[in-house]
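**Student:** sequence plus predicted model, see below.
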Amino acid sequence: MSAYVSVETAYKDQACLVAALREMGYEAEVHVEAVPLVGYHGDLRPQRAHVVIPRIQLGCAANDVGFERGADGSFKAHISQYDRSATFPAAKQQELRRRYAKAVTIKTAVAKGYRVVEEKQDGGRIKLRLRRYA
Amino acid sequence: MEVEITIEPDGSVSCLAPDDLDLRTLGTLHVRRASRIEFDNDRQEYVCTLTSGVELGGFPTRAAAIAAEVTYLNAKIDDGTIMEVIR
């Protein structure tokens, strides 16, 4: 008897989030206390975040992109309207979510004694085959 | 024990529910029953019935039925038609 599981991925693991960002070429700043994001004029924006991609890494006219940890431990992305259309568009957001999901899947599985025995990529889709030896 | 996990281009994840992995680490789960395996006393074999009503052959052992079920469902996840067979 099997059950089918689908998961709406949410950013909950800070280390995996930072690792996924690094894979995409961003060196995110990590703050214990949330800091205000910096706008493209150097102004402080009202949004605050614990994990920040500094605007200089995103391109000219960019604002910081940040991820703020909520009371439930999950991170909410703060991406300005400009950056949603220019420096951090939907395709990049999806890529981040995909890389993050892979990192958390592997971390969760390895903690239970699994190893990745096969990884296939097909058009942006990732298939992981995990095996645990008793 | 083996588990196949698919990560879609949008970052969502799908798989057959593993017995020993807590996938809540990934986010919000949606779980639905996919099948049941029962011994058919008249036919004297194990039968796997998907929630859509599709039946997967008869099997001499429960283990064989589970293996066939997992292979079939993973193939359906692969080709994107899983929801058609577990509706």
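**Tutor:** Sure thing, it's come through.

**Student:** what ranges do the helices span in chain A?
**Tutor:** Using DSSP state H, the helices found in chain A span residues A:14-23, A:81-85, A:90-111.

**Student:** residue of chain B closest to chain A, please.
**Tutor:** B:G11 (2.7 Å; Cβ to the nearest Cβ). All C-beta atoms are positioned from the backbone trio N, CA, C, and that covers glycine.

**Student:** next helix or strand past the longest helix along chain B?
**Tutor:** Counting residues, the longest helix found in chain B (DSSP H) is helix B:62-78. Next helix or strand after helix B:62-78 toward the C-terminus (DSSP states H and E): helix B:82-85.

**Student:** what's that next one packed up against?
**Tutor:** When contacts are defined as 3 or more Cβ pairs under 8 Å, 6 or more residues apart in numbering or on different chains; DSSP states H and E, helix B:82-85 packs onto helix B:62-78.

**Student:** count the neighbours of B:D22 for me.
**Tutor:** By other Cβ atoms under 10 Å in any protein chain shown, 11 other residues sit near B:D22.

**Student:** please name the nearest non-neighbouring residue to it.
**Tutor:** Excluding the flanking residues, the one nearest B:D22 by Cβ to Cβ, 6 or more residues apart in numbering or on different chains is A:T108, at 6.8 Å.

**Student:** just confirm the residue of chain B closest to chain A is within a strand.
**Tutor:** No - secondary structure of B:G11 (DSSP: H, G, I helix; E, B strand; the rest coil): coil, not part of a strand.

**Student:** wait, isn't it in contact with A:T9?
**Tutor:** Yes - look at B:G11 against A:T9 with Cβ atoms under 8 Å: they come within range, at 4.6 Å.

**Student:** what is in contact with these two at once?
**Tutor:** Common contacts of B:G11 and A:T9 (Cβ atoms under 8 Å, 6 or more residues apart in numbering or on different chains): A:97, A:100-101.

**Student:** show me which residues of chain A are close to chain B?
**Tutor:** Contact residues (Cβ under 8 Å from any Cβ of the partner chain) of chain A with chain B: A:1-10, A:12-13, A:94, A:96-98, A:100-102, A:104-105, A:107-109, A:112, A:114, A:117, A:123-132, A:134.

**Student:** PyMOL command to pick out the buried ones of those?
**Tutor:** In PyMOL syntax, the buried subset of these is picked out as below (16 or more other Cβ atoms under 10 Å in any protein chain shown):
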select buried, chain A and resi 2+3+4+5+6+7+9+10+12+13+94+96+97+98+100+101+102+104+105+108+109+114+126+127+128+129+130+132
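
**Student:** perfect, that will be all.
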